[in-house]
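Asks: I would like the atomic coordinates for the input below:
(chains A and B)
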Amino acid sequence: GAVVSQHPSRVICKSGTSVKIECRSLDFQATTMFWYRQFPKQSLMLMATSNEGSKATYEQGVEKDKFLINHASLTLSTLTVTSAHPEDSSFYICSARDRTGHSPLHFGNGTRLTVT
Amino acid sequence: QQQVKQSPQSLIVQKGGISIINCAYENTAFDYFPWYQQFPGKGPALLIAIRPDVSEKKEGRFTISFNKSAKQFSLHIMDSQPGDSATYFCAASKSGSRLTFGEGTQLTVNP
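Replies: Model (predicted):
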């Protein structure tokens, strides 16, 4: 089945530093990837939609300069949290769909970010 | 407005019992309704999904019932097991676009 690999699974960083999270589709080509944020005991909140070769589309209220998304290839999208602050601590999850657009959405295993 | 409302927020079921989680949506353009299972510290995993041209879909112990006129769909877990204890999310989307998630249901199956 389709596999989405997310790395790292857990990261701790200091305030003011930047953190990059990678999302890879391992056995399919993903023209579209989605980045979500999830707080404890809450649902997934869509942050942005990443399209290969073009700029990401951000949801209302999500700072595009803070959460940089790059989708440079059909198998890799990255989310960079810039100048991280403790309030950015959260569970970040990516998902991807194959290029036909009709397959189910598959999720990575998430990245637990803790900003100290 | 693209919303999906899910209930209950939490559910406790005895082993062997039936777990039922309900969702209601507003956008009649939605044409894909998946259910995801999420364990702590993990990403959601697709459990089962349905499209509006059928009223029911069954895969093993998991069944989706879909009521298009009422704009509701539900997940039934038969013979619930402690290993089913997880958070379940319903979702909906239109033509392969972004998913709109429900609020989630934390299921606990007691041994």
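Asks: Name the residues linked to residue 77 by a beta bridge.
Replies: No chain was given, so I picked chain A. Counting by DSSP bridges, A:Ser77 is bridged to A:Cys23.
Asks: I was after chain B.
Replies: B:Ser19, B:Phe62.
Asks: my guess is it meets B:Ile64, correct?
Replies: No. Contact criterion CB atoms under 8 Å: B:Ile77 and B:Ile64 do not qualify, at 10.8 Å. From N, CA and C alone the C-beta is placed, and that goes for glycine too.
Asks: in stretch B:45-62, what's buried?
Replies: Residues B:46-50, B:57, B:62 are the ones in stretch B:45-62 that count as buried (16 or more other CB atoms under 10 Å in any protein chain shown).
Asks: Please report the distance of the residue nearest to A:Thr57 when sequence neighbours are not counted from B:Gly41.
Replies: The spatial neighbour of A:Thr57 that comes closest, neighbours along the chain excluded (CB to CB, 6 or more residues apart in numbering or on different chains), is A:Thr49 at 4.6 Å. Using CB to CB, to the nearest Å, we find A:Thr49 at a distance of 25 Å from B:Gly41.
Asks: Could you do B:Glu103 as well?
Replies: Distance, B:Glu103 to B:Gly41, by CB to CB: 19 Å.
Asks: A:Thr49 and B:Gly41 - which one has more neighbours?
Replies: For A:Thr49 versus B:Gly41, neighbours defined as other CB atoms under 10 Å in any protein chain shown are more numerous around A:Thr49 (17 against 11).
Asks: The helix or strand where that one lies pairs with which strands?
Replies: Assigned by DSSP states H and E, A:Thr49 belongs to strand A:44-51. Looking at strand A:44-51 with DSSP bridges, its partner strands are strand A:32-38 (antiparallel), strand A:57-58 (antiparallel).
Asks: Show me which residues of that strand are buried.
Replies: For strand A:44-51, by 16+ other CB under 10 Å, it's A:44-51.
Asks: try stretch A:53-69
Replies: The neighbour-count check on stretch A:53-69 (16+ other CB under 10 Å) flags A:56-58, A:62, A:67-69 as buried.
Asks: Identify the farthest-apart pair in these.
Replies: Spatially, the most separated pair among the buried residues of stretch A:53-69 is A:Thr57 and A:Leu68, at 13.6 Å (CB to CB).
Asks: which residues of the chain fall in strands?
Replies: Answering for chain A, as no chain was given. A:4-7, A:10-13, A:19-25, A:32-38, A:44-51, A:57-58, A:67-73, A:76-81, A:90-97, A:106-107, A:111-115 (DSSP state E).
Asks: Chain B was what I was after
Replies: Ranges of strands in chain B, per DSSP E, are B:4-7, B:10-14, B:19-25, B:33-38, B:45-50, B:56-59, B:62-67, B:72-77, B:86-92, B:100-101, B:105-110.
Asks: Could you save those as TSV and add columns showing mean pLDDT?
Replies: Formatted as TSV, these follow (pLDDT from 0 to 100):
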stretch	mean pLDDT
strand B:4-7	97
strand B:10-14	98
strand B:19-25	98
strand B:33-38	96
strand B:45-50	93
strand B:56-59	96
strand B:62-67	96
strand B:72-77	98
strand B:86-92	96
strand B:100-101	92
strand B:105-110	98
